[in-house]
Every structure is written in structure tokens, then in C-alpha cells.
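K.L.:
Pasting the sequence and the predicted model now:
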Amino acid sequence: MHWLQDRDLLQQGMPDPTLVTPQEPLSRLPERQDHQDAADTLQKVYFAFREQAFQRNVLKLEREGSDIKLEEDRDREKLKGRVFGKFPTEFVKSEEEYKAVLSCMSCMEAVGLFHALILQMLPQKLLIEELHVILKNKPFIMKIKYVNEYSQDNDLGMFHTVLRVTSTTTWQTWLWNDFESKHVARILYIMPFGQMQIYMSGMAGIEGSNATVSLGIGLAGAEKKSTSDVDFAGRQKEILELVEATARKFVEDSDFTPLIDKIDRAEADPDIRARIFGESYVTRKSLLKPEQYKV
């Protein structure tokens, strides 16, 4: 998960939502089509955002059978402003790899980052819940090797965040029963929509936490005046262009080096780390070499 962890960084890291407000808002379609259009738009918005504000330094990407192996250098000195990297277009050979690289180890953040947009794009008479689930199947496993550190596999043991949408008129869930039977091994938590946004905001106030940064983009007025597919496609394209332009400008104008240095100093302080993570975490980590543990 990549999000904003420093209070000062949080204040500097949020572009004005009015900068990315569509001139002609999107309107709501009939309920089922509306859900489908919202899901499609949100996925495209998230991938556009992640590509422009990419936060990894990818050295290699290759297939191991059906699995995808990514090698990453986590040396912040090699990132722009100690945060942003270049999306590895030269390594990505398929849409599957494109989406995997952009979403790997970040499956929760979209629910928090685009909280307002999700509300704006869906009808009001809905119950929206955030679920943490364990999947029963995956088309492939994403394997990450951090240079000079440990390896991490995004396997079936990892939990994922999904949204469950229920009509408060009919109390029917949109596509949930079919999705659950095919893909969900078990549900870990059911939380009200907005919990991830609250959690991310709270983490931003903990000095000494992980110093990565997320860009918050708000999109106002997700309604449109016409229900034609042509108009929807046009409004969707406008949103994507606005997200890309806003994220690109934010990355170009940002240098978080002083704040990252401040957080690095806090992270190196054992008293601060103990206060955040607890004594057992600090002791356990300090006794093991990187190659001896796997997160």
C-alpha cells in the first residue's frame, strides 16, 4: 500500500479538486448499467493515476510460467523527489502485465483515494461496504524481488479489498453472489464505506511511518445530462485526461526530499519505531537479516 504518511506531506500532497472537475458532468444511467459504467470508469481512472504517479523503480519484469516476476530497487535516491519513478513501459508486454504492475501490493488504496468519486458516480439509494477477502483462485501470482532485500509473493494468502454494493430499495447485491461463489474463499472483514479513507488520513498523522506518498485526486459532479453511450464515452475520456494531466503536473512540480529525510530520521529512531509498531516488532526485525524473513 502506498499512501501519505506524514502530516506535512499530506497537506502538500492534495491537489485542488476543482482542478479536475469535468466541465460537463456525468449523469446516472439505469441502475445496473450505471454500476457497470462506474466500475469501468473507476478502474481506468485508477490505472491512469497510478501510471502518472508511479512509485517504483522497476529493473526487470519477466514471466515464470503463468506468474509475473518483478525486480525492484527500493533506493529512494533513485526516485524523483525520493518518491516517484518511471512506469516501465519497455518491460510491459500485455494488458495483464500493465494492470498487474500498477495494482500490485496496492489493492486497497483506490477505495480510499477515490472515495468521493465513487459516491458521486453511484445512485444515492445504495449500501456500499468495504470487504477484505481471501481469494480462492488467481490467474497468476505476482512475485516481487527487492534488490539486496527480501522477496514478496502476492499469493492466495494475501487479502484484497472489494466493494459490495446493495440496493436499499430491493436489497439485491450487484453481481456479488456470483463473484463470491467463483472467487472468494472467505470474508475477513466487512466495514462501512469510507473506512479506508479514514484509515489513510489517520496514518498520515503518524510521524515516522512509511515515507511513501499517495496523490489524492477529487472529481466533483460525476453526473451527465445525456444517457447516450457516445456522451458517456466522451465524459469518461474527459475525466481520464484530467486525472492524467493533474497527476503528471503534480509529479513534475513536487520534491519531497526534505520531508522524506525528516521521516527517515524518525524511522531510524528506535523509540519512535517502538511507539508505532511495538517493542516486539522492533526486536524481531532487528535480530533478523533481510534474507531471513519474508513479508
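P.N.:
Nice, I can see it.

K.L.:
For the helix or strand residue 231 falls within, name the packing helices and strands.
P.N.:
When elements are assigned from DSSP states H and E, residue 231 belongs to helix 229-253. Using 3 or more CB pairs under 8 Å, 6 or more residues apart in numbering; DSSP states H and E as the contact test, the elements touching helix 229-253 are helix 31-52. Quick note: C-beta positions are derived from backbone N, CA and C, even for glycine.

K.L.:
what is the mean pLDDT for the helix it packs on?
P.N.:
Taken as a whole, helix 31-52 carries a mean pLDDT of 86.

K.L.:
tell me the angle of it relative to helix 229-253?
P.N.:
With axes from the mean of the first three to the mean of the last three CA atoms, to 10 degrees defining the directions, helix 31-52 sits at 30 degrees from helix 229-253.

K.L.:
just to revisit the earlier point, buried residues in the following helix or strand past the helix holding residue 231?
P.N.:
Per DSSP H and E, the first helix or strand lying C-terminal to helix 229-253 is helix 257-267. By 16 or more other CB atoms under 10 Å, the buried positions in helix 257-267 come out as 259-260, 262-263, 266-267.

K.L.:
per-residue confidence for the residue positioned nearest the centre of the chain?
P.N.:
Closest to where the C-alpha atoms of the chain average out (CA atoms, centre = their mean) is residue 109, at 3.2 Å. Note for residue 109: predicted pLDDT of 80.

K.L.:
Surely it touches residue 197?
P.N.:
No - taking contacts as CB atoms under 8 Å, residue 109 lies outside contact range of residue 197: 10.1 Å.

K.L.:
List the buried residues for the helix holding residue 231?
P.N.:
By 16+ other CB under 10 Å, the buried positions in helix 229-253 come out as 232, 234-236, 238-240, 242-244, 246-247, 250-251.

K.L.:
This protein: helices as residue ranges?
P.N.:
For the chain, helices defined by DSSP state H occupy the ranges 7-12, 31-52, 95-103, 109-113, 115-121, 176-183, 195-203, 229-253, 257-267, 270-277, 279-287.

K.L.:
which parts of the fifth one are buried?
P.N.:
When you say that, I think you mean helix 115-121. Along helix 115-121, these residues count as buried under the neighbour rule (16+ other CB under 10 Å): 115-118, 120-121.

K.L.:
which secondary structure elements does it contact?
P.N.:
Using 3+ CB pairs under 8 Å, 6+ apart: helix 115-121 touches helix 31-52.

K.L.:
now the helix it packs on against helix 95-103, angle please.
P.N.:
Using the same axes, to 10 degrees: helix 31-52 against helix 95-103 is 70 degrees.

K.L.:
what's the distance between residue 238 and residue 36?
P.N.:
19 Å (CB to CB, to the nearest Å).

K.L.:
Run through the bridge partners of the closest residue to residue 159 other than its chain neighbours.
P.N.:
Spatially, and ignoring its direct neighbours in sequence, residue 159 is nearest to residue 132 (4.8 Å; CB to CB, 6 or more residues apart in numbering). Note on residue 132: beta-bridge partners by DSSP bridges are residue 161, residue 189.
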